[in-house]
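A.B. asks: Pasting the sequence and the predicted coordinates here, then a few questions.
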Amino acid sequence: MTLRLYSTLARTTRELTTVVPGEVRIYVCGVTPYYVTHLGHAFSYVQFDALRRYLTDSGYRVRYVQNVTDIDDDMIRVSREQGRTIHEIRDENDSQFRRDLDRLNVLRPTEYPYATNHIRQILGLTQQLIDRGHAYAVDGDVFYEATTFDGYGALRGLGMAELGKLENPESKRAQKKRGPLDFLLWQQVDPGDPSWDSPWGPGRPGWSIECTAMSMAHLGDQIDIHGGGSDLVYPHHTNEIAQAEGATGLAPFCGYWMHNGMLQSEGRKMAKSKPETLVFARHLMERYEPDHLRLYLLMQHYRADADYHDGDMDTLRPRFERLKSVVTSAPGTAPMSSPLLAAFREAVDEDFHVSAGIDVLDQAASRVLAGSADPDDAASVKVALAVLGFAFAGARGPALGDLTP
């Protein structure tokens, strides 16, 4: 069996095929560092880190790009409120974010682009869209005309009328737009706000154009996997498809749209606007080993809307200690293949079902500790957990001092 993945656009699970055989190009939407990141962010990036590692172990060359949205409405708002520059706020929060992911042994991305370092690419892409009849300029603003792109909204599974009823943070300046779903590619700014020169006057990028430009700059016109939270399906990822395919004429822009679920806290959505709902990975790692938290995050299927409750980590402790005990006692050499590793891969291969794979390993760990396991089982458990990125199993990464991508 080979890896099968669910794509939000296709609404089905199918075998992984890639643009370039043997290579996987992954783009995962990164954070907007106007505030510190929470456990929901850790859930997303640990899941995609494990996917990246699994693909690498499966023999693929993986290019993994994760961006930083360091210019948008929220960054500007917080800059005004705090009287600090956007770069100061970005660097402070991004550094904390990286420290959290380093402790969780999340590999550094192949590329980690900042939107503000890609203004030239954003301007070029915007001009392409104007030239191809998908965008228009009005008094210093540039809009994408949604009706010019066939299939706009297919990712969300809705038509134009239904999309118009949804919340859309990119729907601005209605008095200038030709249509209600048109969105900004380039926008004028208020006096004193960050701006860059452009053919349409000083301004800054819209939100979605940033990710499209960064993805194309680092991975090319077509990619294999695009990851991000399910809250980004519309409008952000919907607009990315329209921008990329509208500019290049190549379809599909992305082969597999992988959207992780939203991790809640005690039944409430974690939101920066409601600090009382937030749970922070770094606080949990003061009480539990980072690999213990990594195990908790990977025990949720990536597409599930999981719900964190105080006490969940303690409930998971026996499993964590059991796996760690077996790994610690495992021999230094491991088999290249074994029935246990085959069973582990068979479980994970069905839509990257890591928790099912860990169940297979935990059952083997119980047999090892009971003295009834096959000779290679302990070593196989260690190999599989290393593939999933656990530092206690010897997986390379920042937790063990390896900061290479």
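C.D. replies: Cool, the structure landed.
A.B. asks: I'd guessed Pro199 sits against Ile130; true?
C.D. replies: No - using Cβ atoms under 8 Å as the test, Pro199 is too far from Ile130 to be in contact (9.1 Å). From N, CA and C alone the C-beta is placed, and that goes for glycine too.
A.B. asks: Could you give the backbone dihedrals for Arg25?
C.D. replies: For Arg25, the backbone dihedrals (degrees, to the nearest 10) come out as phi -100, psi 120.
A.B. asks: Pretty sure it sits against His226.
C.D. replies: No - judged on Cβ under 8 Å, Arg25 makes no contact with His226 at a distance of 9.4 Å.
A.B. asks: re the thing from before, what about Pro199 and Ile130, which has more around it?
C.D. replies: Ile130 (18 against 11; other Cβ atoms under 10 Å).
A.B. asks: would you list every one of the helices in this protein?
C.D. replies: With helices called from DSSP state H, the chain shows them at 39-57, 73-82, 86-103, 119-131, 160-163, 208-219, 238-248, 281-287, 290-298, 312-329, 339-348, 354-370, 377-387.
A.B. asks: How far off centre is stretch 99-111?
C.D. replies: With Cα atoms, centre = their mean, to the nearest Å as the basis, stretch 99-111 stands 13 Å off its chain's centre.
A.B. asks: As PDB, could you dump the C-alpha coordinates of stretch 132-147?
C.D. replies: What follows is stretch 132-147, C-alpha atoms only, in PDB (Å, rounded to 0.1, in the frame of the first residue of the first chain):
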ATOM      1  CA  ARG A 132      -4.400  38.300 -18.300                       C
ATOM      2  CA  GLY A 133      -7.700  40.000 -17.600                       C
ATOM      3  CA  HIS A 134      -8.300  38.800 -14.000                       C
ATOM      4  CA  ALA A 135      -7.500  42.000 -12.100                       C
ATOM      5  CA  TYR A 136      -8.200  45.700 -12.400                       C
ATOM      6  CA  ALA A 137      -6.800  48.900 -10.800                       C
ATOM      7  CA  VAL A 138      -9.000  51.600  -9.300                       C
ATOM      8  CA  ASP A 139      -7.400  54.800  -7.800                       C
ATOM      9  CA  GLY A 140      -4.300  53.000  -6.300                       C
ATOM     10  CA  ASP A 141      -6.000  49.800  -5.400                       C
ATOM     11  CA  VAL A 142      -5.900  46.600  -7.400                       C
ATOM     12  CA  PHE A 143      -8.700  44.000  -7.200                       C
ATOM     13  CA  TYR A 144      -9.000  40.400  -8.400                       C
ATOM     14  CA  GLU A 145     -12.300  40.100 -10.300                       C
ATOM     15  CA  ALA A 146     -13.700  36.800  -9.000                       C
ATOM     16  CA  THR A 147     -16.100  36.200 -11.800                       C
END
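A.B. asks: which residues are in contact with that stretch?
C.D. replies: Residues from elsewhere that reach stretch 132-147, judged by Cβ atoms under 8 Å, 6 or more residues apart in numbering: 126, 129-130, 148-149, 152, 160, 173, 176-179, 181-188, 200-203, 239, 242-243, 246-247, 249.
A.B. asks: Report the buried residues of that stretch.
C.D. replies: By neighbour count on 16 or more other Cβ atoms under 10 Å, the buried set for stretch 132-147 is His134, Ala135, Tyr136, Ala137, Asp141, Val142, Phe143, Tyr144, Glu145, Ala146.
A.B. asks: again with stretch 374-393
C.D. replies: 376-393.
A.B. asks: Low-confidence bits of the stretch 301-405 of the chain, can you list those?
C.D. replies: For the stretch 301-405 of the chain, applying pLDDT under 70 flags no range at all.
A.B. asks: how near is Asp141 to His236?
C.D. replies: Between Asp141 and His236 the distance is 19 Å, computed by Cβ to Cβ, to the nearest Å.
A.B. asks: how close does Ser372 sit to Gln363?
C.D. replies: Remark: distance between Ser372 and Gln363 (Cβ to Cβ) = 11 Å.
A.B. asks: more crowded one of the two?
C.D. replies: Gln363 (15 against 9).
A.B. asks: And the residue lying closest to Ile223 once chain neighbours are set aside, what's its pLDDT?
C.D. replies: Spatial nearest neighbour of Ile223, excluding adjacent residues (Cβ to Cβ, 6 or more residues apart in numbering): Arg25 at 4.4 Å. Looking at Arg25, its pLDDT reads 98.
A.B. asks: tally of neighbours for Arg25?
C.D. replies: Arg25: 24 surrounding residues under other Cβ under 10 Å.
A.B. asks: Dig out what it forms beta bridges with.
C.D. replies: Beta bridges link Arg25 to Arg63, judged by DSSP bridges.
A.B. asks: roughly how far apart are it and Val62?
C.D. replies: In terms of Cβ to Cβ, Arg25 sits 8 Å off from Val62.
A.B. asks: Domain-wise, how is this structure divided?
C.D. replies: As assigned by automatic domain parsing, the chain contains the domains 18-264, 311-389.
A.B. asks: which stretch among those comes nearest Gly397?
C.D. replies: Comparison of the domains of the chain against Gly397 by Cβ to Cβ identifies domain 18-264 as nearest, at 4.0 Å.
A.B. asks: can you give me the end-to-end distance of that closest one?
C.D. replies: End-to-end distance for domain 18-264, by Cα to Cα, to the nearest Å: 33 Å.
A.B. asks: and the residue nearest to Ile223, what does it touch?
C.D. replies: Thr18, Val19, Arg63, Val65, Leu219, Gly220, Gln222, Ile223, Asp224, Ile225.
A.B. asks: Can I get the residues you listed in JSON lines including distance to Glu289, neighbour count and pLDDT?
C.D. replies: Shown next, in JSON lines, are these (distance: Cβ to Cβ, whole Å; neighbours: other Cβ atoms under 10 Å; pLDDT from 0 to 100):
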{"residue": "Thr18", "distance to Glu289": "35", "neighbour count": "18", "pLDDT": "98"}
{"residue": "Val19", "distance to Glu289": "39", "neighbour count": "17", "pLDDT": "98"}
{"residue": "Arg63", "distance to Glu289": "31", "neighbour count": "21", "pLDDT": "98"}
{"residue": "Val65", "distance to Glu289": "29", "neighbour count": "21", "pLDDT": "98"}
{"residue": "Leu219", "distance to Glu289": "34", "neighbour count": "21", "pLDDT": "98"}
{"residue": "Gly220", "distance to Glu289": "39", "neighbour count": "14", "pLDDT": "98"}
{"residue": "Gln222", "distance to Glu289": "40", "neighbour count": "20", "pLDDT": "98"}
{"residue": "Ile223", "distance to Glu289": "35", "neighbour count": "24", "pLDDT": "98"}
{"residue": "Asp224", "distance to Glu289": "33", "neighbour count": "23", "pLDDT": "98"}
{"residue": "Ile225", "distance to Glu289": "30", "neighbour count": "24", "pLDDT": "99"}
